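> Return atomic coordinates for the entry below.
(2 chains)
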Amino acid sequence: MSAPLLSIEGLTVALPGGGERAHAVRDVSLTLARGEVLCIVGESGSGKSITASAVMNLLPSDQLRITSGRVRYEGEDLLTLSERRMRRLRGDRISMIFQEPMTSLNPVATIGVQIEQVLEAHGVPARERAGRVQELVRAVGLPDPESIVKRYPFRLSGGQRQRVMIAMALAMEPDILIADEPTTALDVTTQAQILGLIRDLQRDRGMGVLFITHDFGVVADIADRVAVMQNGEVVETGPIERVLGAPEHPYTKKLIGAVPRFRETQADESRDAPILSVRGLTKIYRSGGLVRGVREVRAVDGVSFDIRRGETLGLVGESGSGKSTIGQCLLRIASVDAGEVRFDGQDIAHATGRALFDYRTRAQMVFQDPFASLNPRHTIGRSILAGPLAHKVPRPEAERRMARLLERVGLDAGAATRYPHEFSGGQRQRIGIARALAVEPDLLVADEAVSALDVSVQAQVLELLREIRDEFDLAMLFITHDLRVASNICDRVVVLHRGKIVEQGPVTEVFSRPAHAYTQELLGAVPGRSWHGDPQQGATPTHPIPVQQGATT
Amino acid sequence: MTRLVLSVLLRLAKAVGVVLAIVLLNFVLIRLAPGDPASVMAGQAGAADEQFMAQLRAQFGLDKPLPAQAWSYVSGVLQGDLGFSYRQGMPVSELILDRLPATLLLTGTAFAIALIGGVLMGMVAGLNAGRALDFIVSVVSLLFYATPLFWVGLMSILLFSVYLDWLPAFGMTQVGARFTGWEYVVDVARHLVLPATTLGLFYMAVYARMTRASILEVRDMDYVRTARAMGLPRRRMVRSHILRNALLPIITLAGIQAGQLVGGAILTETVFGWPGIGRLAFDALLQRDYQVLLGVFFVTSIMVVVFNMITDLLYRLVDPRIGAAA
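The predicted structure follows:
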């Protein structure tokens, strides 16, 4: 093998004192060859992003200090370069793109200006810049290049903004592109497009790409080689076929085992009468006013479905499909504009007063963000007891219930006297589940309840939800953008697109024989499909990897 | 553009409503105070028999029911008539117009000193956060922030006028001197230095602290990180990414301060004997010259409303997201 393009040797980054561990990154050594995509994969806190930022010398030096190691590029150690020389390399020879497309562009400068600034910073003469900006905008596939350069970032979608950032990163035709979770915040179809774009540009230009991700599906789609990081250390590296197909390190095995995959066998179908019947549910958002006229958005448009006891119905779709709005309408957090929501025979779509109050004990929600959905100044106990006490459950009974539930979700009874910040994301999600169950509901709505969690924790919480549904004979509405998760936990699934149902049915049937073009598009865009064995096309993986069975959680 | 014009018109219509409501509210509030103008006048004339009082009341329409009085006042204001000051023997609008330029000069200068000085101080502190320069600026601005205005005024008179004898301490022009042309300008400017600086110090500190905080916040934004990762030179990054965004919230604050240009100088005008609206209001209050007081209220409320509108419009110009969204 020829000399690597970039080599990280024994990189160690210290964390400020008093933390859980002394080092954010410890003794990390990696190499990147020309024309290669190296994926660094790991869970949150594994040090993968810090490693990437260290290469660019972009770490906040007051908090994270590089204590030892070298980053070699063209015979020089980047870590010892002056800020002046490093500045010239950044964006020119080594470029970086980031996760948050919504916030990564300056809101008050036009797209064209921001791309042009990169050219200007690296000495491209003024007369050539406008033409180069046009070329770049075309190369990353942005629509209407002539006029889009005059637009401000807020006019663009997340995927388009990510394309702008890629255009900026590639403006000087760098040797190395560092991509830090560039598709994590995007919808699955957009993600597939951006991954394809990065792959194409990388091949055309022979760049080396250092790609940071938490998602093994993405790894399977884009990587040539993989490095797995855990607690700041690289535990395993190797070619993709080897690492995904025959992982050696126990942590890698555990991670791969926890990746949700498409289910092949259909669960028994519940024969009960539906506990919740939704007919023609419609929710309209209005905006504007006197000056520019009222604008209407039909967030949910004539949606109908049923849920039975002991059944999990999945609501899947991309952002803006209306799936979360439906959840909010069912719980009456949002008002219903038209249609019927029959719960146990009673229409609660427009219930008020006592009827609505009583309904609140029968339908509960588990929210997406385990950090924001618990009041930081209330103890866990207070948060869990609030529901039952409001509904006149005697305190001793409510406390008995709480103790039982905390134990059931895998937390000790002492948790009740502690505050949310003392718990991890996964534990908080368990608390959220306990809180929802405290009023003994019949319907549980889980809105992206596992989306913010690391993959291994995600698998555990999914398992908990499944057990609880069976134990309490709950009807569950599971809202998610992740088709793999949906396939994993749902019995039936509803596919939403722009507020309308495009398809519904048993999950294995919908996902193995999608009838609607949009469902097919969604399924096709799921990262790493070939790797998991594609139920639609049979087993024709691009990388010949045996599918690993049995979750190790 | 037509959309912009339309929304400006809509704002104007709302503003007129707000101003009318304020006029009415002021009128009612002032009448809630005990003692009507007639009794004040009679008391000062030294003759307070019932017949004289009734005659006065009839003369000024004070014998009519309150709603009728309110109506006649509001309709007068609508026609540009702010009433007549019995004490000064002049129409209120003339009194106010006479004093307005002095106040605008003083508060306008103070505003400019505060805004320019404060933002510069904040920039120095924010861009050098954690270093000695930041510390010095922060201490100085805290001092300005915490010291009462009248005390700063008195002490600066003591220092610069009494001990050093550099600057005049009182009034707007030198008593007895009849300067013209350039000499007049210099004379007024010399008189302006102390009161304008005194008045501006507090807001200067507020601007400095806010600019510093805003820069620190923007400095850590994702788009600044993007700019760094793309290798932009520091000066470019500071100018077009950090400052451009960090100064947006300053506009809000500047709008609030500008709205108080007329009403906020009472204390300073009193300490420095500045012949402005503030002192007019202060004297009117002591003498229960209600018509004048109402007139001052009216002018100050118009200033607040107008500057709020200007602030909103300015935001539309400097921040592309506002007014275009939704």
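
> Now do the contacts for the nearest residue to residue A:363 once chain neighbours are set aside.
Excluding its sequence neighbours, the residue lying closest to residue A:363 (CB to CB, 6 or more residues apart in numbering or on different chains) is residue A:443, at 4.3 Å. C-beta: built from backbone N, CA, C; applies to glycine. Residue A:443 is in contact with A:275, A:276, A:307, A:330, A:343, A:362, A:363, A:364, A:474, A:475, A:476, A:477, counting by CB atoms under 8 Å, 6 or more residues apart in numbering or on different chains.

> ok, 10 Å please
A:275-276, A:307, A:309, A:330-331, A:343-344, A:359, A:362-365, A:474-477 (CB atoms under 10 Å, 6 or more residues apart in numbering or on different chains).

> how close does it sit to residue A:154?
37 Å (CB to CB, to the nearest Å).

> Residue A:256 now?
39 Å.

> ditto for residue A:218
27 Å.

> Mind checking which of those two has more residues around it?
The residue with more neighbours, out of residue A:218 and residue A:154, is residue A:218; 22 against 15, by other CB atoms under 10 Å in any protein chain shown.

> For that one, which non-adjacent residue is closest in space?
residue A:527 (4.5 Å).

> burial measure for that neighbour, as a count.
Residue A:527: 22 neighbours (other CB under 10 Å).

> for it, what are its contacts?
With CB under 10 Å, 6+ apart, residue A:527 has these contacts: A:183, A:188, A:191-192, A:195, A:213, A:215-222, A:484.

> Could you give me the PyMOL syntax to select whichever of the residues you listed are buried?
Buried residues within the contacts of residue A:527, by 16 or more other CB atoms under 10 Å in any protein chain shown, are selected in PyMOL with:
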select buried, chain A and resi 183+188+191+192+195+213+215+216+217+218+219+220+221+222+484
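
> right, and the pair among the contacts of residue A:527 with maximum separation?
A:222 and A:484 (17.0 Å; CB to CB).

> Could you pull out the helices in the stretch 201-326 of chain B for me?
Here the stretch 201-326 of chain B has its helices, by DSSP state H, counting those that start in this stretch, at B:222-229, B:234-236, B:244-246, B:248-259, B:266-272, B:277-286, B:290-318.

> near chain A, anything from the first one?
When you say that, I think you mean helix B:222-229. Yes. Shown here: helix B:222-229 in contact with chain A (CB under 10 Å from any CB of the partner chain) through B:222, B:223, B:224, B:225, B:226, B:227, B:228, B:229.

> Chain B: which of the contacts of residue A:527 is nearest?
Proximity of the contacts of residue A:527 to chain B (CB to the nearest CB) peaks at residue A:183, which lies at 15.9 Å.

> contacting residues for the residue in the stretch 151-300 of chain A that chain B sits nearest to?
Across the stretch 151-300 of chain A, the shortest distance to chain B (CB to the nearest CB) belongs to residue A:152, at 4.4 Å. Counting by CB under 10 Å, 6+ apart, residue A:152 makes contact with A:105-111, A:113-114, B:319-321, B:324.

> ok, now with 7 Å
The contact partners of residue A:152, by CB atoms under 7 Å, 6 or more residues apart in numbering or on different chains, come to A:107, A:110, B:320, B:321.

> related to what we said a few turns ago, how far away is the residue nearest to residue A:363 from residue A:147?
Relative to residue A:147, and taking CB to CB, residue A:443 is found at 48 Å.

> cool, residue A:351 as well?
Residue A:351 is 49 Å from residue A:147, by CB to CB.

> what's the least confident helix or strand in the chain, going by average pLDDT?
In the absence of a named chain, this looks at chain A. Lowest on mean pLDDT, DSSP states H and E among the helices and strands of chain A sits helix A:529-532, with a mean of 69.

> that's the wrong chain, I wanted chain B
Using mean pLDDT, DSSP H and E, the lowest element in chain B is helix B:37-45, with a mean of 68.

> Going toward the C-terminus from that one, what's the next helix or strand?
Following helix B:37-45 in sequence order, the next helix or strand is helix B:50-59 (DSSP states H and E).

> Quick check: the farthest pair among the contacts of residue A:152?
Taking CB to CB as the measure, those span a maximum distance of 12.4 Å, between A:110 and B:321.

> These two - which one has more neighbours?
Each of residue A:110 and residue B:321 has its neighbours counted (other CB under 10 Å); residue A:110 has more, 18 against 14.

> Confirm for me that that one is in contact with residue A:150.
Yes. Taking CB atoms under 7 Å as the definition, residue A:110 is a contact partner of residue A:150 at 5.6 Å.

> Tell me who's in contact with residue 78.
In the absence of a named chain, chain A is used. Counting by CB under 7 Å, 6+ apart, residue A:78 touches A:55, A:57, A:71, A:86.

> Could you do residue A:433 as well?
Taking CB under 7 Å, 6+ apart, one finds A:366, A:409, A:464, A:468 in contact with residue A:433.

> Chain neighbours aside, what residue packs nearest to the closest residue to chain B within the stretch 301-450 of chain A?
With CB to the nearest CB as the measure, residue A:320 is the residue of the stretch 301-450 of chain A nearest to chain B, at 14.8 Å. Leaving aside its sequence neighbours, residue A:320 sits nearest to residue A:498 (CB to CB, 6+ apart; 6.9 Å).

> My read is that the one you found contacts residue A:321, right?
Yes. Contact criterion CB under 7 Å: residue A:498 and residue A:321 qualify, at 6.4 Å.

> returning to that earlier point: what distance do you get for the residue nearest to residue A:320 to residue A:55?
Taken as CB to CB, the span from residue A:498 to residue A:55 is 41 Å.

> if you count what's nearby, which of those two comes out ahead?
Neighbour count, other CB under 10 Å: between residue A:498 and residue A:55, residue A:55 has more, with 22 against 16.

> Give the residue spans of the stretch 151-300 of chain B that score low on pLDDT.
B:264 (pLDDT under 70).

> Near chain A, which residues of it? Just list them.
B:221-223, B:225-226, B:228-233, B:236, B:240-241, B:244-245 (CB under 7 Å from any CB of the partner chain).

> Produce a PyMOL select command limited to the buried residues of the residues you listed.
Buried residues among those (16+ other CB under 10 Å), as a PyMOL selection:
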select buried, chain B and resi 221+222+223+225+226+228+229+230+231+232+233+240+241+244+245
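
> Could you pick out the residues of the stretch 1-150 of chain B near chain A for me?
B:3, B:6, B:7, B:10.

> what's around the last one, how many residues?
I take that to be residue B:10. For residue B:10, the neighbour count with other CB under 10 Å is 13.

> Next one: it from residue B:308, what distance?
Applying CB to CB to residue B:10 and residue B:308 gives a distance of 14 Å.

> Next up, the contacts around residue A:416.
Per CB under 7 Å, 6+ apart, neighbours of residue A:416: A:379, A:380, A:381, A:402, A:406.

> Could you export the residues you listed as a markdown table, including secondary structure, neighbour count and pLDDT?
A markdown table is the format used below for these (DSSP: H, G, I helix; E, B strand; the rest coil; neighbours: other CB atoms under 10 Å in any protein chain shown; pLDDT from 0 to 100):
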| residue | secondary structure | neighbour count | pLDDT |
| --- | --- | --- | --- |
| A:379 | coil | 17 | 92 |
| A:380 | helix | 25 | 92 |
| A:381 | helix | 19 | 92 |
| A:402 | helix | 23 | 93 |
| A:406 | helix | 22 | 92 |
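
> Can you tell me the closest non-neighbouring residue to whatever residue of the stretch 51-200 of chain B ends up closest to chain A?
Sorted by distance to chain A under CB to the nearest CB, the residues of the stretch 51-200 of chain B start with residue B:130, at 7.9 Å. Spatial nearest neighbour of residue B:130, chain neighbours left out: residue A:62 (7.9 Å); criterion: CB to CB, 6+ apart.
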